[in-house]
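**Student:** Sharing a sequence plus its predicted fold:
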Amino acid sequence: MSVQVTWDDTAQTILHYKMEGRWRWTELYNAVKDGHAMNNNANQNVYAIVNLEDSLGIPPSAVAQFGTLSTLKRPNTRIVVFVAGGGFVSALIKTFNRVYSGAGVQSCWVPHLAEAYALIARERTHFEPAVS
């Protein structure tokens, strides 16, 4: 399978979707279904990373498919961070955010995985109360 989802941390707060090679939308939908099943028992905020570092591109109909994906969101998912894919993916995310701004999905693009983790750490300060 060219799309896999795993928990990226022991606290089970980061779902990591890893795209490898030439993947298909059906593979991503199946991984999202698996991610939702994993997320069903999560009682805390969850963040998602869509890692395109080992992907060989985005399949056709990306804008329409992203619209469908936006309807599959979970209430406790706070942000979806797309990693790599270059300028095309960056532009695609900007377009998606404009077109589907009312969908309640916050997504962004970063060029490297380390930046995704840093962004999630910053976002946690907005969504999670400080521990005293």
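**Tutor:** Good, I have the coordinates. Numbering: from 1, shown residues only.
**Student:** which regions of the protein sit below the pLDDT cut-off?
**Tutor:** For the chain, the stretches with pLDDT under 70 are 1, 70-71, 99-105, 127-132.
**Student:** go again using 50 as the cut-off
**Tutor:** The model of the chain has pLDDT under 50 over residues 132.
**Student:** biggest strand in it, by residue count?
**Tutor:** The longest strand of the chain (DSSP state E) is strand 46-55.
**Student:** For that one, which strands pair with it and how are they oriented?
**Tutor:** strand 14-21 (parallel), strand 77-83 (parallel) (DSSP bridges).
**Student:** center of this structure - which residue?
**Tutor:** Residue closest to the average C-alpha location in the chain (C-alpha atoms, centre = their mean): Val80, at 3.5 Å.
**Student:** Next SSE downstream of the longest strand of the chain?
**Tutor:** Once the chain leaves strand 46-55, the next helix or strand it forms, by DSSP states H and E, is helix 62-70.
**Student:** CA atoms of that next one as PDB?
**Tutor:** Presented in PDB, the C-alpha positions along helix 62-70 are these (Å, rounded to 0.1, in the frame of the first residue of the first chain):
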ATOM      1  CA  ALA A  62      -6.700  17.200  -6.400                       C
ATOM      2  CA  VAL A  63      -9.000  20.200  -5.800                       C
ATOM      3  CA  ALA A  64     -12.100  18.100  -6.000                       C
ATOM      4  CA  GLN A  65     -10.600  15.300  -3.900                       C
ATOM      5  CA  PHE A  66      -9.600  17.800  -1.200                       C
ATOM      6  CA  GLY A  67     -13.200  19.000  -1.100                       C
ATOM      7  CA  THR A  68     -14.300  15.400  -0.400                       C
ATOM      8  CA  LEU A  69     -11.600  14.900   2.200                       C
ATOM      9  CA  SER A  70     -12.700  18.100   4.000                       C
END
